[in-house]
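> pasting a predicted model and its sequence here:
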Amino acid sequence: MSSFYKRKASRNTCESAAEAGALADRTAVAPAHGGGGGSGSGAAGGRDVAPASSSLASAPKRSRLDSGRSGGGEGGSDRPPTAAQAGRDATPMASRSLSGALGSQDGVRGGRNGASRNGGGGAAAAAPRRKLKIRPFARKPAVPDTFFAVTWDTRLRPAVRAVQTATALEGFSLEELFGAVEDSVRHGHAAALYNHISVEVERHIGTVVGALEAAAAATADSGSFLTDANRAWEAHCAQMSTIRAIFLVLDRGYVLAQPGTANVLPLWDLSLRLFRAALASRPSVAARISTGLLDVVRRERDGDSIDVSLVHSLASMLSAVGVYAKVFEVPFLSSTAHYFASESARLIDSMDLPTYLRHVEARLSSEANRVTASLDASTRRPLIATTERHLLATHVQALLVKGFDALCSEDRVVDLARLWSLYGRVDANGLPINVPVSSTPELVTCTAARGGGVGNADEAALDRIVPGVTPGAASVLGPAQDCIKTALNRFVMHAGKEIVNAEGKDASMVSSLVSLRARVEGLVQNAFGGGEIVSRAVRDALEAVVNSRQNKTGELIAKYVDGVLKTGHKGRTDEEVDATLEAVMTLFRLIHGKDIFEAFYKKDLAKRLLHGRSASLDLEKMMISKLKTECGTNNKLEGMFRDVEVSRETVRSFRTHARSVASLGTSDVELSVFVLTHAYWPHVPQAPLRLPQTLSDLHDTFKQFYVGKHSRRKLTWQYSNASTTVRARFPAADKILSLSLYQTVVLLLFNDNDELTADNISSATGLVDADLHRTLLSLACGKARVLHKRPKGNTVGKDDLFVWNKGFTNRQVRIRINAIQVKESAAEDLQTTERVFVERHCEVDAAIVRVLKTRRTLTHANLIAELYSQLRFPFKVADLNKRIESLIEREFLERDASASQTYHYLA
């Protein structure tokens, strides 16, 4: 643009000079007759210019600018004006001072001052300044008829061909060419100029593509052919850039003034259309370029180094020409599909799952980088989708079967997160899963038929491969991630059933389930996005596992809690104990028979409270609070704690009661009693026991005291849970023994006898054989053997002799002799379960009566539905039918006379 404006200024200067020359023929210059020579300014040193006799009006009517010309100021020159200056400065006035026309304002002021001092030249100095006037041509200049033909033949066409052949421009400059184009467009030859350029560009492009066709036929080396094609394309781009710069006035002035005209395109677009037509007329060139590019991409995928800029340039050429999708993209996606289908089939058999997933991740990243570096952006989505389908989507089940369970078992969080993320990409692209490879061409065709490229957000989503990303947090999973969820559910089911059904490992079952749940929850949060759908699948699997042994699981959970509450903070912090209990509560929430858990938990709680085996009452109360949160208020459990507190107050009152103190006299036996409410505490079978006189008197004294305070209550002594602390005197040293009441009663017999038979002991204590045998074996065959058994053995006969061990020694002063714990047999477990079932029958009866009492009349189906919503334990419809029949027999309900499936409540 700078050259254009320079040239235009030059032409204006020439026009002004020509005009000045025309006017100079009629202008006379005469020296001034004033005083004062030299270099002074003003009228004294100036010259007067007088016009000729002919008027300026008779001059050619060409536009001119009449104005004073700025001269040299105070140091002005005395040289006479040139003809051009005279022509410009000539005016129709009679005369005017040369210094007024040529000098600066300072010169004008100097002239005025000179006139006032010297008294000469006053008329010239006082002449008024003229205003600026622009006058049009008298007639429009004529353009020769041969102007355009001569300009095209002598200047523009040689210039175009010189650019196309890369030869020097001789005889004219780019500025002159630009001016020639501007003059042609200005004088109405734009259309003809555009057509001439089209012919020249088409001729040259035909020559270039023809040469490429010949090269394609002559050489078998795709690399050299691609280099030639790229060199030809780069030359074409450079040539069209120069041609467009020369014909810029045409490209901007004429083309843009033809909106909606299909045949009139900008010069660059015109060249692309002509290039596309040339490639269409010689299909072997485009096919050879496509084949060469596919070969280059294949070699790069195989690990070879390639010229990325060459691929990028040729792909840009195909895209600019408008044949990218047809000539290159469709074959490229098809070859990609076949390449990765073959590779996946080969690698799945030879790689383990983590290695294969890392390979897939690297492939996806490299393909995305390939698009960014060398291909058109519109190829990104179909290329990534094709890669994902043949490396991932078609092998979902095969990959999961190959190593998913092993990854879960080994807690391979990173690999599982990679698996989840990759299949999230498959679902995001809507790819079908587990589809045979034979459907590949259909996928490529459909993919390549889409319109444009993808947006920036979609591109970022396609390139993102981040372990642990949260697609699973969506409300609905895609088919691929749903397969992973199903596989995870299956893994939890399998691992959980192995734990639950393991023979002889009931003691560790709950801890193993807690550990399994913690591991799986960690996988859900860290590898599978922590979504609700996956969490629910894991929860469903654990629920099925926990309830696969319907009644046993609740019992074992209760025993596990018992162990935790007995040990308490032993080697653990408060947070760890609370976390353990909370983990157990998650299993408790899953069991259906919560009443089974409650029955066994209450039995264990009674032992802990009565024997003082609870590590902390705060932990006990915290556990009760958790159960209350899950199941609501439980009056029985809370009542057990109240009984313990009340019993302590009762014992303190008994020890200070005057009459009781008088009755005890000087007895050295200290009595502690737990007074328990029968409805709150678990049922304990009554066992016979004949107490020594000392202990019997203590019992009678306490009974009198308690009945005196609570006359309407009845006391029943439960000896099976009683314990004592006694002092035993041995020849070596005295020991303090912690014993059960049964052990105490047996050892007190040896105060009067050194040896007794089992039959004698049974007669003296009144114990049943089972309790007696366990008691004697704990004293004679345990770690602390205060009795000797003759003959030795683990069984007790009536004639077996038990002798006081006078030589008993032990380094400890306080010794606990544990009674042999009775392992609950299957019959005893069944009794506990049957008691729960009896309580369930009562709850079912109460629920049926409660519903019908509210509704008065109800159909069988509606009654069953109401019971499902109210009962908190599992049941069968057959059991409910039995309870309904029982209530009808007991006249709580009656059937409708006309409809046997309708019940009425009987008030």
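Structure's in. What do you need?
> residues in contact with the one helix or strand His904 maps to?
Counting by DSSP states H and E, the element that carries His904 is strand 902-905. Strand 902-905 has contacts (CB atoms under 8 Å, 6 or more residues apart in numbering) with 849, 852-853, 855-860, 863, 884, 888, 892-896. Quick note: C-beta positions are derived from backbone N, CA and C, even for glycine.
> run the chain-centre distance for that strand.
Put simply, strand 902-905 sits 57 Å off its chain's centre (CA atoms, centre = their mean, to the nearest Å).
> what strands line up against it, and which way round?
Partners of strand 902-905 in the sheet, by DSSP bridges, are strand 857-859 (antiparallel), strand 893-895 (antiparallel).
> turn these into a markdown table, including mean neighbour count, distance to Val745 and mean pLDDT.
Below are the strands paired with strand 902-905 laid out as a markdown table (neighbours: other CB atoms under 10 Å; distance: least, CB to CB, whole Å; pLDDT from 0 to 100):
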| stretch | mean neighbour count | distance to Val745 | mean pLDDT |
| --- | --- | --- | --- |
| strand 857-859 | 16 | 59 | 85 |
| strand 893-895 | 16 | 53 | 83 |
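> of all those strands, which lies closest to Asp800?
strand 893-895 (60.5 Å; CB to CB).
> where along the stretch 601-750 of the chain do the strands fall?
Here the stretch 601-750 of the chain has its strands, by DSSP state E, counting those that start in this stretch, at 723-729, 734-740.
> in the first one, what's buried?
Taking 16 or more other CB atoms under 10 Å as the neighbour-count basis, strand 723-729 is seen to contain the buried residues Ser723, Thr724, Ala728.
> pick out the lowest-pLDDT one from those.
Of all the buried residues of strand 723-729, Ser723 has the smallest pLDDT value, namely 86.
> could you pull up the residues touching that residue?
Per CB under 8 Å, 6+ apart, neighbours of Ser723: His611, Ser738, Leu739, Ser740, Leu741.
> again, 7 Å this time
Taking CB atoms under 7 Å, 6 or more residues apart in numbering, we find Ser723 in contact with His611, Leu739, Ser740, Leu741.
> from those residues, which is closest to Ala287?
His611 (92.8 Å).
> got the contact list for stretch 225-233?
So stretch 225-233 is in contact with Val208, Leu212, Ala215, Ala216, Thr219, Arg288, Ile289, Gly292, Leu310, Ser313, Leu314, Met317, going by CB under 7 Å, 6+ apart.
> and if we set it to 6 Å?
Val208, Leu212, Ala215, Ala216, Thr219, Ile289, Gly292, Leu310, Ser313, Leu314, Met317 (CB atoms under 6 Å, 6 or more residues apart in numbering).
> may I see the PyMOL selection of the buried members of these?
Entered in PyMOL, the line below selects the buried ones among the contacts of stretch 225-233, by 16+ other CB under 10 Å:
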select buried, resi 208+212+215+216+289+292+310+313+314+317
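> including secondary structure, could the contacts of stretch 225-233 go into TSV?
Shown next, in TSV, are these (DSSP: H, G, I helix; E, B strand; the rest coil):
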residue	secondary structure
Val208	helix
Leu212	helix
Ala215	helix
Ala216	helix
Thr219	coil
Ile289	helix
Gly292	helix
Leu310	helix
Ser313	helix
Leu314	helix
Met317	helix
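> Ala784: which of the contacts of stretch 225-233 is nearest?
For these, the nearest to Ala784 is Leu310 (92.2 Å; CB to CB).
> any idea how far Arg231 is from the closest one?
Distance, Leu310 to Arg231, using CB to CB, to the nearest Å: 10 Å.
> over to Glu885?
98 Å.
> perfect, I'm done here.
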